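Asks: give the three-dimensional model of this entry:
(chains A and B)
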2 protein chains.
Amino acid sequence: MTPSEFRLSSRAQSMKASEIRELLKLVGKPSMISFAGGIPDPGLFNVGLFQDAWRHAFGGPSIAREALQYSTTEGYAPLRQWLADHMRKLGVPATAENILITSGSQQGLDLVGKLLLDKASKVITARPTYLGALQAFSALEPQFVPLEAPQPTGPDAARLIYLVPDFANPTGQTMSRSARQNALDQAKVLNAVIVEDAAYSSLRYDGEDLPAIAALDAAEAGSIDATRTLYCGTFSKTLSPGLRIGWICGPATLIRKLAMLKQGADLHTASFNQMVMHQVAEMGFDSQLERIRSVYRVRRDAMLAALDHHAPPGLRWKKPEGGMFIWLELPDHIDAYVLLEQAIRQDIAFVPGGAFFPDGAGRNTMRLSFSLSDEAQIEVGIFKLCSLIGQQAMAKAVNVY
Amino acid sequence: MTPSEFRLSSRAQSMKASEIRELLKLVGKPSMISFAGGIPDPGLFNVGLFQDAWRHAFGGPSIAREALQYSTTEGYAPLRQWLADHMRKLGVPATAENILITSGSQQGLDLVGKLLLDKASKVITARPTYLGALQAFSALEPQFVPLEAPQPTGPDAARLIYLVPDFANPTGQTMSRSARQNALDQAKVLNAVIVEDAAYSSLRYDGEDLPAIAALDAAEAGSIDATRTLYCGTFSKTLSPGLRIGWICGPATLIRKLAMLKQGADLHTASFNQMVMHQVAEMGFDSQLERIRSVYRVRRDAMLAALDHHAPPGLRWKKPEGGMFIWLELPDHIDAYVLLEQAIRQDIAFVPGGAFFPDGAGRNTMRLSFSLSDEAQIEVGIFKLCSLIGQQAMAKAVNVY
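Replies: Residues are numbered from 1 along each chain as shown, chains lettered A, B, ... in the order given. Sure, this is the predicted structure:
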């Protein structure tokens, strides 16, 4: 029996294994310089703090039993409270009732899709945008519409506007204050919900902090419960991705609906993980942020300097003010998928930018992550990569003339 | 802005907050005797084993960093291997490629729904059946069809047959060997996939072990990759629910599709939890099973004895051979929802059986769980509950005559 003989859902029939994923399975080799994943450097995890939190969570048998038992779908109350306080510092006047704990912010995207999307509903996204959002929403079989396109209003209007305002995955770019305000105005005209993916928002290295769209929305609406923004946060880029703790912050009526959807999806997020993450966040969120920001800033600068130094003509990029990514645009005729195969043979990895377009565009683009490599690796990796790109550009030139 | 003003998906519009959930929020009171949740007794968790595993997982900084980092969607390789070995002991010839780790078996149900169901696709279930399966599948807006109904074949045939063969939630009943065979035969006729929910299968207290449907299927097909059964397992009823570790075992082609769906749903299950669960399963799965079986057997027997002793006329139940539940059928005119309100005032909780019917039937039924209470509490709780039922029956009698 082959899978084509099973009657699968139309979403499952249209899924394809990612060619990139197959290529990147090789990235685990120790000799590899990886600019591929949007992955924190594990050397920066505050292992000591987690050890303390783990010890605390089984300090007595009754706490250990709580950590091992079922818990509520909405999440561990002290963590919800900590996150409400955290959101208030960002200008979003949340209480614990406005917070749903999720199994990573990826689950947040799955749940907001389920909340808002029927088959063929319209979703507005930047183009390119986060691959995982495209995957999560694709399970609902919506229609993706680019942010820049003219938007119909009325019953056919888009229901969901997905944005990564800060240091976006994959482009590294940040929405200006006025772009945020425009998006909010547009959401009101369309009667759409904004999903604000804040995965990288804490990782600013220079420039001034800009308000979260959720904060602009709450300031205008006068109360979080009158807003139309669902803010998806995560500890994955700051404290630890392996514990899978994210959150959604938004109006309590929608949070309650999202909790019902979460109950069907995985009952609740692991009790132990929430208790540990609460303890670690309480003890060391700010100091961890300071530490990783200073390291990633140096790595970003090293990658920018290496690009300035080694880039062949025709390569374009912009400086990101934070996050983990630099987005490269190659000369039109260079295919980043072909380049990746060559690069992997030289122990360099990155993600071809085409993966981040819903429609197969962007084959001449690539995403470089600077989070996982030290300055020396970045210098070597960018040198090799730029040489490969230069050779490709040259090969084309020879063909033409 | 009230939620009705948002344009939500049709699934979200049709969701209703569970009246039972609201009532059962009171169950946390220490004075309460709870026959409500299908919840393991936390006093039986092997805290020592988990402590050892936790210590092991941060025995060195490099293991700790692995536990805190992203990992693969398919799951932690040693745990997949342990589970493949476990499945082989159950007669299912699995390799690691046939195993997907899930965030509890609830996520397994969410994923198999996404794999198989389009809007209005038919799902065959027992009636009553597990509430969480109804919730997970309802997000796909299928049509629920009772197991006993005549089933059309062809393109309109049901795509998914959901079964809890052992000690079912909520009825406690077990499918005979021939009923399992019939279900498999029917799945072949319909070209449907069987989802075998094995949440309670390890908890047999007497009678002889019956083969998993997945084992019958593999024996007939000659290879697991030629089967049509997706077996959903979990550690929640044996080792710990709070770590949220379940698995799906099935043909590799479907497991790969399910992994793609899981990637969109939550990227992967928490790394740390998988490492800890692997260690605990390796060290103590069998001994833990022996321990909890002996305790739960005594509690089941205590509940059966108390019912025999105190039940008013007209109350019906069957002895379960395992699991956590006894299903009561009350005289037709007694409403278990009304009874629950009265019972809670006397510090007794249970789940009204109507919750487990997709269509509002079964208001005169209730599910009692014996897992969480000791023998003395069971005796007191059943005595009080039977008195309440007796009063209700009497009240009706007075009205009639």
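Asks: please report phi then psi for the closest residue to residue A:120 other than its chain neighbours.
Replies: Among residues not flanking residue A:120 along the chain, residue A:143 sits closest, at 5.6 Å (C-beta to C-beta, 6 or more residues apart in numbering or on different chains). In this view, the C-beta of every residue, glycine as well, is placed from N, C-alpha and C. Main-chain dihedrals, residue A:143, degrees, to the nearest 10: phi -110, psi 120.
Asks: what's the burial count for residue A:143?
Replies: 12 (other C-beta atoms under 10 Å in any protein chain shown).
Asks: and the next helix or strand past the worst-scoring helix or strand of chain A on mean pLDDT?
Replies: Every helix and strand of chain A was ranked by mean pLDDT, DSSP states H and E. The lowest is helix A:19-24, at a mean of 68. Per DSSP states H and E, the first helix or strand lying C-terminal to helix A:19-24 is strand A:33-34.
Asks: and that following strand, is it in reach of chain B?
Replies: No: residues of strand A:33-34 are not located near chain B by C-beta under 8 Å from any C-beta of the partner chain, the shortest gap being 12.3 Å.
Asks: got a list of what the nearest residue to residue A:225 once chain neighbours are set aside touches?
Replies: Residue nearest to residue A:225 in three dimensions, not counting chain neighbours: residue A:251, with 4.7 Å by C-beta to C-beta, 6+ apart. By C-beta atoms under 8 Å, 6 or more residues apart in numbering or on different chains, the contact list for residue A:251 reads A:98, A:224, A:225, A:226, A:227, A:228, B:1.
Asks: let's see 7 Å
Replies: A:224, A:225, A:227 (C-beta atoms under 7 Å, 6 or more residues apart in numbering or on different chains).
Asks: ok, now how distant is the nearest residue to residue A:215 once chain neighbours are set aside from chain B?
Replies: What sits nearest to residue A:215 in space, not counting adjacent residues and going by C-beta to C-beta, 6+ apart, is residue A:91, at 3.3 Å. Here residue A:91 is placed at a distance of 19 Å from chain B (C-beta to the nearest C-beta, to the nearest Å).
Asks: again, but for residue A:128
Replies: 17 Å.
Asks: if you rank the contacts of residue A:251 by neighbours, which is first?
Replies: residue A:227 (30 neighbours).
Asks: OK, contacts around it?
Replies: Residue A:227 touches A:214, A:217, A:218, A:221, A:250, A:251, counting by C-beta under 7 Å, 6+ apart.
Asks: what about the strands in the stretch 151-300 of chain A?
Replies: Using DSSP state E, counting those that start in this stretch, the strands of the stretch 151-300 of chain A run over A:160-163, A:193-197, A:229-234, A:246-249.
Asks: near chain B, which residues of the stretch 251-400 of chain A?
Replies: Residues of the stretch 251-400 of chain A found near chain B (C-beta under 7 Å from any C-beta of the partner chain) are A:253-254, A:257, A:260-261, A:263-267, A:270-273.
Asks: quick check: the two most widely separated of these?
Replies: A:253 and A:272 (30.0 Å; C-beta to C-beta).
Asks: between the two, which is the more surrounded one?
Replies: A side-by-side neighbour count of residue A:253 and residue A:272, using other C-beta under 10 Å, places residue A:272 first with 31 against 16.
Asks: state the pLDDT value of that one.
Replies: In this model, residue A:272 is scored at 93, pLDDT.
Asks: run a quick neighbour tally on the closest residue in space to it that isn't next to it in sequence.
Replies: Excluding the flanking residues, the one nearest residue A:272 by C-beta to C-beta, 6+ apart is residue A:67, at 4.0 Å. Neighbour count for residue A:67, taken as other C-beta under 10 Å: 28.
Asks: I'd like the contacts of residue A:227 as JSON lines, with pLDDT appended.
Replies: Listed next are these as JSON lines, based on pLDDT from 0 to 100:
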{"residue": "A:214", "pLDDT": "98"}
{"residue": "A:217", "pLDDT": "98"}
{"residue": "A:218", "pLDDT": "98"}
{"residue": "A:221", "pLDDT": "97"}
{"residue": "A:250", "pLDDT": "98"}
{"residue": "A:251", "pLDDT": "98"}
